[in-house]
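Visitor: Need coordinates for the below:
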Amino acid sequence: MGRFDKYKIDLKGMTADSCKYEFVLDNHFFAIIDAPEVQKGKVIVELVVKRTSHSFELSFNTEGIVWVPCDRCLDDMEQAVSSVDKLIVKFGREYAEEGDSLIVIPEEEGEINVAWFMYEFVALSIPMKHVHPVGKCNKSMSGKLSKHMRTSSSDEEDDDVFVTEDEDFSNDVVDKDDSQVDPRWNELKKILDNN
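Guide: Next comes the predicted model:
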């Protein structure tokens with residue numbers, strides 16, 4: 001028995017018009033799938049397979065928690081994931097992925113392994129930015145980050161500064177002095193004023 005055999009869905013052998021499956025994606029699943037985005041977690045996937053006249057509709061409802069590195073301090077953090085996804089599966093001569101959600105599988109095989117699809121749905125539901133709540137980041141790393149973000153020489157006096165519980169890096173953009181305008185813009189404004 002292969003590592004992903006329990007994630008195979010026998011479409012050719014379906015006797016009912018609709019079948020339900022439930023999969024638990026745990027640390028073991030993420031370890032054997034061996035992909036970089038998610039290494040640990042516990043996610044429940046409910047799969048409903050419906051037979052239509054010429055195809056099968058697979059509806060995935062994904063809910064759970066995965067562990068990902070914090071963008072700010074790089075420590076692992078819990079990240080909730082939730083998604084609803086669909087695949088349309090048709091029988092054909094050979095395996096093919098057509099578009100985002102249409103899969104063609106060989107009719108003689110008659111089954112599809114959904115392990116990788118479930119992993120992709122989990123990975124795609126992780127937000128682009130994932131950071132700890134304010135005050136929960138690694139204090140040592142936050143202190144080093146604060147030290148390297150200083151912009152003036154007077155900021156360098158205190159090398160052991162740690163981020164306080166209330167400090168938030170979510171809007172860490174260094175403002176530039178807007179009072180200095182390139183003189184070329186003034187010349188262009190004169191052209192607009194003449195119209």
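Visitor: So the protein: which segments form each domain?
Guide: 5-124, 134-168 (automatic domain parsing).
Visitor: Quick one: those as JSON lines, columns for mean pLDDT and mean neighbour count too.
Guide: All C-beta spots, glycine's among them, are computed from the backbone N, C-alpha and C. Putting those into JSON lines (pLDDT from 0 to 100; neighbours: other Cβ atoms under 10 Å) gives the following:
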{"stretch": "domain 5-124", "mean pLDDT": "91", "mean neighbour count": "15"}
{"stretch": "domain 134-168", "mean pLDDT": "61", "mean neighbour count": "13"}
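Visitor: Looking at these, which is nearest to Asp182?
Guide: Closest approach to Asp182 among these (Cβ to Cβ): domain 134-168, 21.8 Å.
Visitor: Helix or strand: which one has the most centrally placed residue in the chain?
Guide: Centroid check for the chain by Cα atoms, centre = their mean gives Ile126 as the closest residue, at 2.6 Å. Counting by DSSP states H and E, no helix or strand carries Ile126.
Visitor: close enough to count as contact, it and Ser82?
Guide: No: assessed by Cβ atoms under 8 Å, Ile126 is found out of contact with Ser82, at 10.6 Å.
Visitor: Look up how far Glu107 lies from Glu98.
Guide: According to Cβ to Cβ, to the nearest Å, Glu98 and Glu107 sit 16 Å apart.
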